[in-house]
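> Requesting a structural model of the entry that follows:
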Amino acid sequence: MAKIKRKPTHPGNILKEDYLVPLEISITDMSGRLGISRKTLSKILNEKGSVTPDMALRLSRAFETTPDLWLNLQKNYDLWNAEQGSTDWKKVRPLSAQLLHSDV
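Numbering: from 1, shown residues only. Next up is the predicted model:
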């Protein structure tokens, strides 16, 4: 697996910079179109909230993208932060091939 060296962009930043700003849509208007509160959308745009599967479906419908686009952006962001934020996961030892393929 290839290591991501730079911090992935939060999906809220992409939503803001690639969609809302060019289309000149306010947070209030967009939250209304998505059927969510302004506070919920603001949290995502300010990188304080995550794109959930439900939100990914809403965004994909609104912008004619796929839900996978939004979920993958969130996944990449979350995994990078988890890898950088703790080293506890490095203590886990891989299971040996023998153990994985045994009939026990």
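> Low-confidence regions, this protein specifically.
1-4, 97-98, 102-104 (pLDDT under 70).
> so which helix or strand takes in the spatially most central residue of it?
What sits nearest the mean C-alpha location of the chain, by C-alpha atoms, centre = their mean, is Q74, with 0.8 Å. According to DSSP states H and E, Q74 maps onto helix 67-85.
> How many neighbouring residues does the nearest residue in space to the residue nearest to the centre of the chain that is not next to it in sequence have?
Take Q74 and drop its neighbours on the chain: the residue closest to it by C-beta to C-beta, 6 or more residues apart in numbering is V51, 4.4 Å away. C-beta here means a position set from N, CA and C on the backbone, and glycine is covered the same way. Neighbourhood size, V51 [other C-beta atoms under 10 Å]: 25.
> before we move on, what about Y77?
Y77, neighbours per other C-beta under 10 Å, totals 22.
> Grab the nearest non-local neighbour of it.
P8 (4.7 Å).
> That neighbour against K75, yeah?
No: counting by C-beta atoms under 8 Å, P8 stays clear of K75, with 9.1 Å between them.
> between those two, which one's more packed in?
Taking other C-beta under 10 Å, P8 and K75 do not tie; P8 has more neighbours (18 against 15).
> Who are the contact partners of that one?
L73, N76, Y77, W80 (C-beta atoms under 8 Å, 6 or more residues apart in numbering).
> now do A82
If you count contacts by C-beta under 8 Å, 6+ apart, A82 has them with W89.
> State the distance from it to S60.
With distances taken as C-beta to C-beta, to the nearest Å, A82 is found 25 Å from S60.
> Please apply the same query to S42.
Taken as C-beta to C-beta, the span from S42 to S60 is 20 Å.
> for K7, same thing?
Between K7 and S60 the computed distance is 24 Å (C-beta to C-beta).
> ok, now S50?
For S50, the distance to S60 - C-beta to C-beta - is 16 Å.
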